[in-house]
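Asker: structure for the following, please:
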Amino acid sequence: MPAIKSLISTGSEDFRRRYAHNKGLAAALKSKQDESRHKRPQRDFDRLAKQGKMTPRERLNKLLDPATPFLELSTLAANMAYGGEAPGAASICGLGIVSGREVVIHAADSTVKGGAWYPLTVKKVLRALDIAIENHLPVIHLCDSAGGQLQMQSEVFPDKYMAGRIFRNQAILSKMGIKQVALVMGHCTAGGAYIPAMSDYSVIVRGTGGVFLGGPPLVKAATGQVMTADEIGGADLHTQLSGTVDYAADNEDECIALGRDIVAQFDRGPKTRIEQAEPEAPLYDPDELYGIIPDDIKHGFDMREVIARMVDGSRFHEYKPAYGTTLVCGYAHILGFKVGIIANNGILFNDSSKKGAHFIALCNQNNTPLVFLQNITGYMVGREYEIAGITKDGAKMIMALVGSHVPKFTVMCHASFGAGNYGMCGRAYDGRFLFTWPNHQIGIMGGEQAANTLVEVKQRQLEREGLTVDPEVLAKVRADTMGAFESQTNAYYATSQLWDDGILDPVDTRNALGIAISAALNAPFGVPGNGIFRF
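Answerer: Below you'll find the predicted structure:
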């Protein structure tokens, strides 16, 4: 493959301005991530120390193989919810290596309200288990949770995609033969008791671990009996009498060591084979991405410059470079894995939509995973384009996307607006992983377009009713709309709601994609097939 020739002038004023802006966004991201991971009231650390417990991240560090990467997912979940009282949605989830096996890890964060489950905690754990199902990855649960937030029970308990779905997913994993290990280092209360009960293997720490449908307060309220946690759900009870748990450990170090030894017994099934080559660093420094991405969401950039700093050797075989030029398609390697890349270089027109659909089909033909790099304001609108069939051409792209049997990965590099989000493998389209950058914005349309649309609607309404068009009323509509969009389209709001799998520093994107692609190959590819294309 030929290498991309970069046209970026790193000494230009535009580059320096953009670099400073995006470097600042990356620094702010790191600060927010560090705060979410580590900033807690001292009393929470003191409580764990008094109980003889490690912090959740100390447990994680001892569980993972030394000097191996951990791709943490949704670090900033719930960062704009619950008044900020549930950093990381009170859980830690991600991809790691344990005893040489790629695994999904789900750890309750007992430094946050005792690891209690908020609504977004449930959503985050469900996403982790969905990843395990989709990619055929074993799961390790680090259990230490106070159970569901009772004040939010209506948002945690009753519906299809609430807490019961966690245990349903565990049953699905078991049915698929995908192994699970529960390391019980604290309490597993109420529904949470089913996590170790539904895992293939479980270990409990004597003295601090507990598994019970009803903890001491509930048992007292329901039966009048006064019991300690150890008496109704401790290690000896469950390993010697009930048989609910398999192994007892005298401390957390022993518990983690047992867990690692259990994982070491897992068979290693063959991975799905795709074309691979020796990994190479890009020719261009990924640090230059900061100077390439605009400091204004309305400004475009050449996505080839991003690709050149992300793929092996900066080599890229571009498909149909002279046709449908607002969509860049082609083949490259990321950490040795061959991928098909689909990247926005402007709005999606009829030709670029058809080009995208055709390229998706080609990648499916030769079993090449797809990487979508989004900077999209949508599909083109207007009478001329409707006559040309922009709606059915966009539908072709979506049909090809949904019918795709190869793994799909999405990075939202800048804008993600309108139906373009759909055609470019937004969250609803079953990508294996979806990441964003800190400059990213997402919405049904941009705030300015939404404000203009609603002002026009309001003005026509007033005119139809024979009322005076008051400029102050229109100005208020505009201001209210812009304010709502600005607060709800930014990257931190999106990741707070778990509309993605986490915000990445742009320079980390290549490594994150490499880990994600490697994990995805643990599952066989699906069955090829599409629905009806409207020609």
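
Asker: report the secondary structure state of residue 199.
Answerer: Recorded secondary structure, residue 199: coil (DSSP: H, G, I helix; E, B strand; the rest coil).

Asker: repeat for residue 10
Answerer: Of the three states, residue 10 takes coil under three-state DSSP.

Asker: and residue 181, by the same measure?
Answerer: Following three-state DSSP, the label given to residue 181 is strand.

Asker: does it touch residue 170 like I think?
Answerer: No: using CB atoms under 8 Å as the test, residue 181 is too far from residue 170 to be in contact (11.7 Å). All C-beta spots, glycine's among them, are computed from the backbone N, C-alpha and C.

Asker: between the two, what contacts are shared?
Answerer: The contact sets of residue 181 and residue 170 overlap at residue 199 (CB atoms under 8 Å, 6 or more residues apart in numbering).

Asker: got the domain boundaries for the chain?
Answerer: With domains defined by automatic domain parsing, the chain comprises 1-15+272-440+490-535, 40-264, 446-489.

Asker: now these as JSON lines including mean pLDDT, mean neighbour count and distance to residue 25?
Answerer: As requested, the domains of the chain are exported to JSON lines (pLDDT from 0 to 100; neighbours: other CB atoms under 10 Å; distance: least, CB to CB, whole Å):
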{"stretch": "domain 1-15+272-440+490-535", "mean pLDDT": "96", "mean neighbour count": "20", "distance to residue 25": "4"}
{"stretch": "domain 40-264", "mean pLDDT": "95", "mean neighbour count": "20", "distance to residue 25": "13"}
{"stretch": "domain 446-489", "mean pLDDT": "82", "mean neighbour count": "14", "distance to residue 25": "15"}
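
Asker: ok, which of the ones you listed comes nearest residue 33?
Answerer: Of all the domains of the chain, it is domain 40-264 that lies closest to residue 33, at 5.1 Å by CB to CB.

Asker: show me what contacts residue 17?
Answerer: Applying CB under 8 Å, 6+ apart to residue 17 gives the contacts residue 295.

Asker: measure residue 136 to residue 526 for me?
Answerer: Separation of residue 136 from residue 526 (CB to CB, to the nearest Å): 12 Å.

Asker: report the spatially nearest residue to residue 165, omitting neighbours in sequence.
Answerer: What sits nearest to residue 165 in space, not counting adjacent residues and going by CB to CB, 6 or more residues apart in numbering, is residue 126, at 5.5 Å.

Asker: the one you found belongs to a helix?
Answerer: Yes: the assignment for residue 126 is a helix, going by three-state DSSP.

Asker: that one contacts residue 161, doesn't it?
Answerer: Yes: using CB under 8 Å, residue 126 is in contact with residue 161, at 6.5 Å.

Asker: distance to residue 28 for the domains of the chain - can I get that in a markdown table?
Answerer: As requested, those are exported to a markdown table (distance: least, CB to CB, whole Å):
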| stretch | distance to residue 28 |
| --- | --- |
| domain 1-15+272-440+490-535 | 7 |
| domain 40-264 | 11 |
| domain 446-489 | 17 |
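
Asker: the ones you listed: which one's closest to residue 27?
Answerer: Going by CB to CB, the one of those nearest residue 27 is domain 1-15+272-440+490-535, 9.1 Å.

Asker: quick one: contacts for residue 239?
Answerer: Residues counted as contacts of residue 239 (CB under 8 Å, 6+ apart) are 204, 245, 246, 247, 248.

Asker: do you know how far it is from residue 160?
Answerer: Noted for residue 239: a distance of 34 Å to residue 160, by CB to CB.

Asker: over to residue 416?
Answerer: 27 Å.

Asker: for residue 384, same thing?
Answerer: Noted for residue 384: a distance of 43 Å to residue 160, by CB to CB.

Asker: same check on residue 115?
Answerer: Per CB to CB, residue 115 is found 24 Å from residue 160.

Asker: what do you get for residue 232?
Answerer: 31 Å.

Asker: which ones are touching residue 19?
Answerer: By CB under 8 Å, 6+ apart, the contact list for residue 19 reads 290, 291.

Asker: got the phi/psi numbers for it?
Answerer: Dihedral pair for residue 19: phi -60, psi -50, per degrees, to the nearest 10.

Asker: is it true that residue 57 touches residue 105?
Answerer: No: contact criterion CB under 8 Å: residue 57 and residue 105 do not qualify, at 11.3 Å.

Asker: got any residues that touch both of those two?
Answerer: residue 92.

Asker: tell me the secondary structure at the residue located most distally from the centre of the chain.
Answerer: What lies farthest from the middle of the chain is residue 466; by CA atoms, centre = their mean that is 50.0 Å. Following three-state DSSP, residue 466 is assigned to coil.

Asker: try the one 10 residues further on
Answerer: Residue 476 carries the three-state label helix when classified by three-state DSSP.

Asker: so what's it up against?
Answerer: So residue 476 contacts nothing (CB under 8 Å, 6+ apart).

Asker: coming back round to it: from the contacts of residue 239, which land in strands?
Answerer: 204, 247, 248 (DSSP state E).

Asker: okay, the residues you listed in JSON lines with distance to residue 401 next?
Answerer: As requested, those are arranged in JSON lines below (distance: CB to CB, whole Å):
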{"residue": "204", "distance to residue 401": "45"}
{"residue": "247", "distance to residue 401": "45"}
{"residue": "248", "distance to residue 401": "49"}
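
Asker: now flag whichever of these is closest to residue 293.
Answerer: residue 204 (48.3 Å).

Asker: isn't there a helix covering residue 410?
Answerer: No: counting by three-state DSSP, residue 410 is not part of a helix but strand.

Asker: any idea how far residue 180 is from it?
Answerer: Taking CB to CB, one finds residue 410 at 27 Å from residue 180.

Asker: and if you look at residue 152?
Answerer: The value you get for residue 152 to residue 180, if CB to CB is used, is 26 Å.

Asker: one more: residue 47?
Answerer: Applying CB to CB to residue 47 and residue 180 gives a distance of 28 Å.

Asker: next: residue 194.
Answerer: According to CB to CB, residue 194 stands 12 Å off from residue 180.

Asker: what touches both of these two?
Answerer: residue 170.

Asker: residue 429 - nearest residue in space that isn't next to it in sequence?
Answerer: The shortest distance from residue 429 to any non-neighbouring residue, by CB to CB, 6+ apart, is to residue 401 (5.7 Å).

Asker: you'd agree that neighbour is up against residue 425?
Answerer: Yes: proximity of residue 401 to residue 425 meets the contact threshold set by CB under 8 Å, at 6.0 Å.

Asker: shared neighbours of these two, which are they?
Answerer: Common contacts of residue 401 and residue 425, defined by CB under 8 Å, 6+ apart, comprise residue 408.
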